[in-house]
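**Student:** give the three-dimensional model of this entry:
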Amino acid sequence: MPLTDDAKVLVIGLDCFDPSLAQAWINEGRLPRLAALMDDSVTGRVRNPHGLEAGSVWSSFSYGADPGVHGMTDGSRDRRKVLAGSNGGAAPTLRPLWSIIEDAGRRSIVIEAPIVPDGAEPTGIRVVNWFSHLPHEGGARRVLTTHPPALRETLERDYEGDPLDRRMCDFYQPRTAAEQVWFRDALIQRVRTKTAFAIDLMRREPWDFFFVGFEDAHCAAHHCAHLIDPTGDDVRIAAQIGNPLRTLYAAMDEAIGEIVGAAGHDTTVLVFMSHGIEPAHTGLRLLDRILAKLNGELDETRNNLLTRARAAWRAIPAPMRRMLRPLHHAVKEPLYGDGFLPADARRKCREVYTGERGSGIRINLAVRDPGGIVQPGADYEAYCEWLIEEVGAVRNDGTGEKLASDIVRMRDHYSGPMADTLPDLLVTWNRHAPIPSVSSPAIGRIRHPHPSIRTGDHSPDGLFMLAGPGFAPRRLNDDVPVIDLAPSIAALFGVQSAAFQGRALEQLAPAR
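**Tutor:** Purely as a prediction, here's the structure:
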């Protein structure tokens with residue numbers, strides 16, 4: 001049943017805000033606003049897209065569709081190109097939840113929806129790339145955009161700028177106690193600045209739907225996770241400064257309380273913790289060498305030369321690199337992409353980036369891919385089976401355990417107009433321990449050339465809390481697919497759309 005005509009819905013998106021840590025700190029009394037909200041909420045676990053969680057969760061939430069429909073993953077660096085279908089897929093016209101609500105005559109305000117481009121000109125208020133984790137269209141630095149455009153001037157004049165200087169958090173890699181304190185405080189400053197702006201906007205502009213996203217816990221997950229349960233020298237740092245994640249979560253808890261309070265007690269509130277945190281042990285970039293070795297394509301002399309060339313390119317000052325960019329584009333081998341082998345058209349398959357929790361395998365398939373080598377049909381099927389068997393036989397030399405915890409065919413999980421742009425296979429790493437080198441009878445031993453620069457990465461699933469008039473507090477037993485959240489929110493406004501792949505859930509409707 002939809003809400004009343006004058007009802008409002010507030011969505012607070014907490015990117016990589018670990019549900020298990022949050023629950024533990026709620027139990028300890030450290031997150032009182034979230035604790036109170038949970039007591040009043042319909043609460044449940046959220047099941048994210050299999051194997052592609054971190055890079056596609058927000059697109060899947062916003063479009064109410066999985067990556068087979070929207071094609072956006074952690075490897076889709078330029079999201080607008082994906083929307084345009086320029087990566088070989090026939091991309092559909094995608095409209096996020098808030099645009100669909102606007103089409104129905106409602107007013108929306110969206111501040112920092114992570115990695116969600118729109119296929120049309122918005123009618124509501126938008127803030128993009130302000131304090132985001134990743135630049136939304138690739139590149140090294142974020143470029144703030146707003147709708148209407150004049151809002152950008154207001155933001156830059158009246159509110160503090162980005163203490164991370166619009167750079168992705170990987171640029172900083174804080175490790176000392178002083179660096180960790182600076183990084184933590186910078187993220188807390190971003191949270192407080194965004195909270196103040198959100199409340200100001202909420203009070204002075206009319207709205208029916210309000211979304212505010214916080215990606216600061218995502219940055220902290222990558223570079224502060226080693227201080228949750230510290231070992232070695234990190235024990236001393238943790239004794240000095242405490243747990244930066246816990247301090248950040250407490251600041252975000254305050255922000256949630258302020259925003260919910262400003263929205264008013266008659267507002268329906270959804271808090272979505274998108275996914276969690278686990279150690280950053282990864283076989284990323286190592287898989288490319290395994291595949292090349294299996295296929296008899298590994299040329300270490302060429303790879304070493306490319307590695308040196310990439311290092312030399314990075315050593316050139318940034319202003320000079322910009323001047324030399326036409327020369328860089330003219331050379332055959334890219335000087336970016338550290339650790340990955342050249343994407344040579346003669347290779348039968350290659351590793352494609354899907355995040356650090358797992359890696360994709362893209363097969364050079366005839367008909368589908370330019371210059372494809374592997375023939376569709378029986379040859380393709382046999383090659384997939386062979387890859388699954390051989391990669392599955394590779395073991396971590398540090399532990400003796402299998403390198404991969406899971407290898408799946410993506411077609412078993414995804415279909416739709418963008419399914420052909422996804423990897424053919426997805427390898428999920430066994431992340432119990434670091435991966436210094438690997439071996440198997442077919443590949444011998446291969447050393448991991450580029451371990452992660454991060455100390456923490458992503459676990460797969462999330463949590464939601466839904467509270468407001470007509471919602472009786474309860475805990476759902478069954479996981480809710482992330483693609484069902486958008487149609488369920490739209491249904492609160494009495495809005496349905498064929499653009500949603502997911503469905504409105506009865507258990508997420510008010511009991512009136």
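**Student:** burial of Ala343, as a residue count?
**Tutor:** The number of residues packed near Ala343 is 15, by other Cβ atoms under 10 Å. Every C-beta, even on glycine, is put in place using the N, C-alpha and C of the backbone.
**Student:** name the secondary structure element that contains it.
**Tutor:** Under the criterion DSSP states H and E, no helix or strand holds Ala343.
**Student:** my guess is it contacts Arg350. True?
**Tutor:** Yes - the pair Ala343 / Arg350 is scored as a contact, 5.8 Å apart, by Cβ atoms under 8 Å.
**Student:** the domain parsing of the chain - what is it?
**Tutor:** If you go by automatic domain parsing, the domain ranges for the chain are 9-280+457-508, 286-298+341-451, 299-339.
**Student:** contacts only, for Ala472.
**Tutor:** With Cβ atoms under 8 Å, 6 or more residues apart in numbering as the criterion, the residues that contact Ala472 are 42, 511.
**Student:** in terms of pLDDT, where does it sit?
**Tutor:** What the model reports for Ala472 is a pLDDT of 94.
**Student:** what helix or strand is it on?
**Tutor:** With elements delineated by DSSP H and E, Ala472 resides in a region that no helix or strand encompasses.
**Student:** where's it relative to Ser41, distance?
**Tutor:** Ala472 is 10 Å from Ser41, where distance means Cβ to Cβ, to the nearest Å.
**Student:** circling back: which of the domains of the chain is buried the deepest?
**Tutor:** domain 9-280+457-508 (a mean of 19; mean count of other Cβ atoms under 10 Å).
**Student:** how far does that one stretch from start to finish?
**Tutor:** 13 Å (Cα to Cα, to the nearest Å).
**Student:** ok, now stretch 7-24?
**Tutor:** Across stretch 7-24, the straight-line distance between its terminal residues is 33 Å, by Cα to Cα.
**Student:** how about CSV for the domains of the chain, with distance to Pro2 added?
**Tutor:** Below are those laid out as CSV (distance: least, Cβ to Cβ, whole Å):
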stretch, distance to Pro2
domain 9-280+457-508, 4
domain 286-298+341-451, 28
domain 299-339, 48
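**Student:** least reliable of these going by mean pLDDT?
**Tutor:** domain 299-339 (a mean of 60).
**Student:** thinking again about what came up before, quick one, which of the domains of the chain is nearest to Leu3?
**Tutor:** Closest to Leu3 of the domains of the chain, according to Cβ to Cβ: domain 9-280+457-508, at 5.0 Å.
**Student:** after the lengthiest helix in the chain, next one along is what?
**Tutor:** The helix spanning the most residues in the chain, taking DSSP state H as the definition, is helix 177-204. Sequence order places strand 209-214 as the next helix or strand after helix 177-204, per DSSP H and E.
**Student:** quick check: angle from that following strand to helix 177-204?
**Tutor:** The directions of strand 209-214 and helix 177-204 differ by 170 degrees, with axes from the mean of the first three to the mean of the last three Cα atoms, to 10 degrees as the criterion.
**Student:** so which elements touch strand 209-214?
**Tutor:** With contacts defined as 3 or more Cβ pairs under 8 Å, 6 or more residues apart in numbering; DSSP states H and E, strand 209-214 has these neighbours: strand 9-14, helix 97-103, strand 108-111, helix 177-204, helix 244-263.
**Student:** to Asp165, which of these lies closest?
**Tutor:** Closest to Asp165 of the helices and strands packed on strand 209-214, according to Cβ to Cβ: helix 177-204, at 9.5 Å.
**Student:** that closest one versus strand 9-14: what angle between them?
**Tutor:** When the same axes, to 10 degrees is applied, the directions of helix 177-204 and strand 9-14 differ by 170 degrees.
**Student:** gap between helix 177-204 and the chain center?
**Tutor:** A distance of 20 Å separates the C-alpha centroid of helix 177-204 from that of its chain, computed with Cα atoms, centre = their mean, to the nearest Å.
**Student:** show me what that helix is packed up against.
**Tutor:** Under the contact criterion of 3+ Cβ pairs under 8 Å, 6+ apart, helix 177-204 touches strand 108-111, strand 209-214, helix 216-224, helix 233-241, helix 244-263.
**Student:** can you redo these as JSON lines with distance to Asp369?
**Tutor:** As requested, the helices and strands packed on helix 177-204 are exported to JSON lines (distance: least, Cβ to Cβ, whole Å):
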{"stretch": "strand 108-111", "distance to Asp369": "36"}
{"stretch": "strand 209-214", "distance to Asp369": "35"}
{"stretch": "helix 216-224", "distance to Asp369": "32"}
{"stretch": "helix 233-241", "distance to Asp369": "45"}
{"stretch": "helix 244-263", "distance to Asp369": "42"}
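**Student:** nearest to Ile277, out of those?
**Tutor:** Judged by Cβ to Cβ, the one of the helices and strands packed on helix 177-204 that comes nearest to Ile277 is helix 216-224, at 4.5 Å.
**Student:** angle of that closest one against strand 9-14?
**Tutor:** Orientation note: helix 216-224 sits at an angle of 10 degrees relative to strand 9-14 (the same axes, to 10 degrees).
**Student:** chain center to helix 216-224, what's the gap?
**Tutor:** Taking Cα atoms, centre = their mean, the mean C-alpha location of helix 216-224 is offset from the chain mean by 12 Å.
**Student:** give me the contacts around it.
**Tutor:** If you take Cβ under 8 Å, 6+ apart as the criterion, helix 216-224 is touched by 14-18, 131, 133, 164, 169-170, 172-174, 180, 183-184, 187-188, 190-191, 243-245, 248-249, 252, 277, 280, 454-458.
**Student:** where do the strands of the stretch 251-400 of the chain begin and end?
**Tutor:** Assigned by DSSP state E, counting those that start in this stretch, the stretch 251-400 of the chain shows strands spanning 268-273, 276-279, 349-353, 358-363, 395-396.
**Student:** nearest to Ile388, of those strands?
**Tutor:** strand 358-363 (9.3 Å).
**Student:** which helices and strands does that closest one pack with?
**Tutor:** Counting by 3+ Cβ pairs under 8 Å, 6+ apart, the packing neighbours recorded for strand 358-363 are helix 286-294, strand 349-353, helix 378-392, strand 425-429.
**Student:** which stretch among these comes nearest Leu94?
**Tutor:** Closest of the helices and strands packed on strand 358-363 to Leu94 is strand 349-353, at 21.7 Å (criterion: Cβ to Cβ).
**Student:** pull the closest one out as PDB, backbone CA atoms only.
**Tutor:** Only the C-alpha atoms of strand 349-353 are listed here, as PDB (Å, rounded to 0.1, in the frame of the first residue of the first chain):
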ATOM      1  CA  CYS A 349      41.900 -15.000 -22.500                       C
ATOM      2  CA  ARG A 350      42.900 -12.300 -19.900                       C
ATOM      3  CA  GLU A 351      42.100 -11.100 -16.500                       C
ATOM      4  CA  VAL A 352      39.700  -8.300 -16.200                       C
ATOM      5  CA  TYR A 353      39.300  -6.100 -13.100                       C
END
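**Student:** end-to-end on stretch 391-401?
**Tutor:** Taking Cα to Cα as the measure, stretch 391-401 stretches 13 Å from start to finish.
**Student:** what's that stretch in contact with?
**Tutor:** For stretch 391-401, the surrounding residues in contact (Cβ under 8 Å, 6+ apart) are 287, 290-291, 294, 361, 402-404, 407, 427, 430, 432-443, 445.
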